[in-house]
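Asker: got a predicted model here, sequence first, then my questions.
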Amino acid sequence: MRKDLPWGVNLCGYFRSEKGTGEAVRAIERILIAGGIPFAPIVISDNTAKNSEDSAHPDAPVIIPGDKLVIGGVANSKPTHSVTNSKITDFTKEINPYRVNHLVVNADQIGVLAETCGRAFFKDRYTIGCWNWELSKFPSRWSSAFDYFDELWVPSTFIQKTLQPLTTIPVRCLPYSIDIDDIRDKQDKSFLRKKFGLPQSGFIFYFAFDYLSILERKNPQGLIRAFSRAFSNQTDVYLLLKTSHAEQLPSEHRKLISLAGERSNIIWIDEIFSRSDSLALMQAVDSIVSLHRSEGFGFLLAEAMAMGKPVVTTTYSAPGDWLTEENCFPIGYRLIELAQDYGPYEKGGMWAEPEEEQVVAQLRMAVENRTQTQKISARGRKDIREKLAPEQLAKQVIPLLEQLRTRSPNGKAEKILKKRALAQRKSVGFYLKKYAKKLIKRLLKPVIRSVYDWEKFKKWLGFGGKVNQ
């Protein structure tokens, strides 16, 4: 590792995306800020997001995976200049000036990102990867992604246990932070309910999900069925379903609407909110419920608990690190095998199937036993603020980064990209030469024929054997 590079972190991720991948990099950013660790933000463009956080780091370089890198690009304005990956070398000091790269990019995307950034991005940098994954079985088709990193930081012990047996690089567990400062303790619930068009009275359960996050994993179907069983058409208990990107899967959205039927106590909002409005909506409700079959982290649950909201939830996978019987209404489950592929989740993998009878009982408990609900809410708030506050997690990150001061990168990413570049140049050169010769032959043949022996000239160009002198 070059000694002239300043100590700090080049933090690369989807800063402007409203999705969980966007919140992941912002969560790590909060930890670095809390620890006073210098960092340079590098924005990855998410072309499937609406990028509701588009004001984040307006002057940071922007990577458009598979396309180009924009230097000094300002959100919603013309960039200062852009370069293709063949020229990124000239701007490396401007892009990632520090010794450590931290790429908050999942395994399936790292190859394209690395190709776009080029070798210079990894040269002399110790590169840390941050991945999410929801199942206990990792797809073998992504195994080459390990080679781009010197180590991985993952947000749960569930993911750590899944990945560590598959690689020789260290896989460390570092939870995501929760933005405690943004989660205000007291807001006028009546005002917020009016703002979002919600009933002024009654108990409101809340669940938010993205249609692009695989419905079978998020399991809103199970929630609608359990809520309908628990409360039928009661007019004093509601289920609010906040969705995003429904327009990209309209048939799935229609199926869910049909499943809910004509129940007036199931409320739908399909809209992408700003960060502040998303938190305000959570403040307006009484409880958060999630019957997920597996989670990469569980931001919705953690943020709700930090607010002091009771959560009714499956405890399987990543959230199991900080969910207990004392700080939530836990839902029992059994592990089931996937009978088919669901997006990236392959047939034969395992995830949780919540026990519907327990869901119904716990939903009713949250509404009817207010004393127990308040006790659980207070414990959840305390636990999350102690475990996931940026200041607490910074105490873990600082010594980890200090250990890297004397470590050298393994250089694998550079070697991979160099090999690919050589293969690509060889391939392109071969076809350019091949078609250039054909073009010359076609254009010059009539002319040469009239002034020179064509066969001899063809050999001289290299299309045939040696020319006898």
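Answerer: Nice, I can see it.
Asker: return the residues in contact with the spatially closest residue to F121 that is not a sequence neighbour.
Answerer: In this structure, F121 finds its nearest non-sequential neighbour in N96, 6.1 Å apart by CB to CB, 6 or more residues apart in numbering. No exception for glycine: its C-beta is placed from N, CA and C like everyone else's. Counting by CB atoms under 8 Å, 6 or more residues apart in numbering, N96 makes contact with 10, 12, 40, 42, 121, 125.
Asker: so the fourth one sits against R16, correct?
Answerer: No. Taking contacts as CB atoms under 8 Å, I42 lies outside contact range of R16: 11.8 Å.
Asker: quick one, phi/psi of I266?
Answerer: phi -110, psi 120 (degrees, to the nearest 10).
Asker: state the distance from it to N219.
Answerer: Per CB to CB, to the nearest Å, I266 is found 16 Å from N219.
Asker: same question, S140
Answerer: Separation of S140 from N219 (CB to CB): 26 Å.
Asker: more neighbours, those two?
Answerer: Neighbour count, other CB atoms under 10 Å: between S140 and N219, N219 has more, with 24 against 9.
Asker: so the more buried one touches L291, yeah?
Answerer: Yes. In this structure, N219 is within contact of L291 by CB under 8 Å, at 4.7 Å.
Asker: now for the two: what residues contact both?
Answerer: Residues touching both N219 and L291 (CB under 8 Å, 6+ apart): P354.
Asker: next up, the contacts around I178.
Answerer: Listed by CB under 8 Å, 6+ apart, the contact partners of I178 are 27, 299, 302-303, 306, 384-385, 388-390.
Asker: any chance of TSV for those, columns secondary structure, neighbour count and pLDDT?
Answerer: Shown next, in TSV, are the contacts of I178 (DSSP: H, G, I helix; E, B strand; the rest coil; neighbours: other CB atoms under 10 Å; pLDDT from 0 to 100):
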residue	secondary structure	neighbour count	pLDDT
A27	helix	26	97
F299	helix	20	96
A302	helix	25	97
E303	helix	22	96
A306	helix	23	95
I384	helix	24	97
R385	helix	17	94
L388	coil	26	97
A389	coil	19	96
P390	helix	22	97
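Asker: would JSON lines of those with distance to P6 be doable?
Answerer: Output for those, formatted as JSON lines (distance: CB to CB, whole Å):
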{"residue": "A27", "distance to P6": "24"}
{"residue": "F299", "distance to P6": "32"}
{"residue": "A302", "distance to P6": "33"}
{"residue": "E303", "distance to P6": "34"}
{"residue": "A306", "distance to P6": "34"}
{"residue": "I384", "distance to P6": "34"}
{"residue": "R385", "distance to P6": "33"}
{"residue": "L388", "distance to P6": "29"}
{"residue": "A389", "distance to P6": "28"}
{"residue": "P390", "distance to P6": "23"}
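Asker: tell me the one among these nearest to L281.
Answerer: Nearest to L281 among those: E303, at 11.1 Å, using CB to CB.
Asker: for that closest one, which residues are in contact?
Answerer: Neighbour list for E303: 178-179, 183, 279, 282 [criterion: CB under 8 Å, 6+ apart].
Asker: again, 10 Å this time
Answerer: Contact analysis of E303 by CB atoms under 10 Å, 6 or more residues apart in numbering lists 23, 178-180, 182-183, 278-279, 282, 288, 309, 384, 388.
Asker: just the residues you listed: which are in strands?
Answerer: Judged by DSSP state E, these include I288 as members of strands.
Asker: does N101 sit in a helix, a strand or a coil?
Answerer: Under DSSP: H, G, I helix; E, B strand; the rest coil, the three-state class of N101 is strand.
Asker: just checking, it touches T127?
Answerer: Yes. Using CB atoms under 10 Å, N101 is in contact with T127, at 4.2 Å.
Asker: checking L400 next. Helix, strand or coil?
Answerer: Per three-state DSSP, L400 ends up helix.
Asker: use 20 as the first number from now on
Answerer: Got it, the first residue is 20 from now on, which makes the last one we talked about L419.
Asker: now it: how far from P189?
Answerer: The value you get for L419 to P189, if CB to CB is used, is 10 Å.
Asker: so I147 sits in a strand?
Answerer: Yes. Per three-state DSSP, I147 lies within a strand segment.
Asker: so how far is G55 from the nearest residue to I52 once chain neighbours are set aside?
Answerer: With sequence-adjacent residues excluded and distances taken as CB to CB, 6+ apart, I52 is closest to P409, at 7.0 Å. From P409 over to G55 the distance is 11 Å, taken as CB to CB.
Asker: quick one on the thing from earlier: among the contacts of E322, which lie within helices?
Answerer: Assigned to helices by DSSP state H, the following of the contacts of E322 qualify: 42, 297-298, 301, 403.
Asker: can I get those residues in TSV including distance to S209?
Answerer: Below are the ones in helices among the contacts of E322 laid out as TSV (distance: CB to CB, whole Å):
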residue	distance to S209
E42	28
S297	19
L298	17
M301	16
I403	26
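Asker: and of those residues, the nearest to L462?
Answerer: Checking the ones in helices among the contacts of E322 against L462 by CB to CB gives E42 as the nearest, at 58.5 Å.
Asker: any idea which of the contacts of I197 is closest to K437?
Answerer: Nearest member of the contacts of I197 to K437, counting by CB to CB, is A46, at 33.4 Å.
Asker: contacts only, for that closest one.
Answerer: If a contact means CB under 10 Å, 6+ apart, then A46 has 32, 39, 123, 149, 174, 193-198, 316, 318, 321, 407, 409, 412 as its contacts.
Asker: hey, what's in contact with both of L419 and P189?
Answerer: 147, 170, 172.
Asker: of all those residues, which comes closest to I129?
Answerer: I147 (12.0 Å).
Asker: residue ranges with poor pLDDT in the stretch 370-488 of the chain?
Answerer: Across the stretch 370-488 of the chain, the ranges flagged by pLDDT under 70 are 443-456, 460, 463-488.
Asker: what about the strands in the stretch 270-419 of the chain?
Answerer: 285-289, 306-309, 330-333, 348-350, 352-356, 369-373 (DSSP state E, counting those that start in this stretch).
Asker: what does the stretch 70-219 of the chain give?
Answerer: Using DSSP E, counting those that start in this stretch, the strands of the stretch 70-219 of the chain run over 81-83, 87-90, 100-102, 119-122, 145-148, 170-173, 190-192.
Asker: ok, and what's touching the last one?
Answerer: Strand 190-192 is contacted from outside by 147-148, 150, 165, 168, 170-184, 340, 415, 419, using CB under 10 Å, 6+ apart.
Asker: backbone dihedrals for N429, both of them.
Answerer: Main-chain torsions, N429, degrees, to the nearest 10: phi -80, psi -20.
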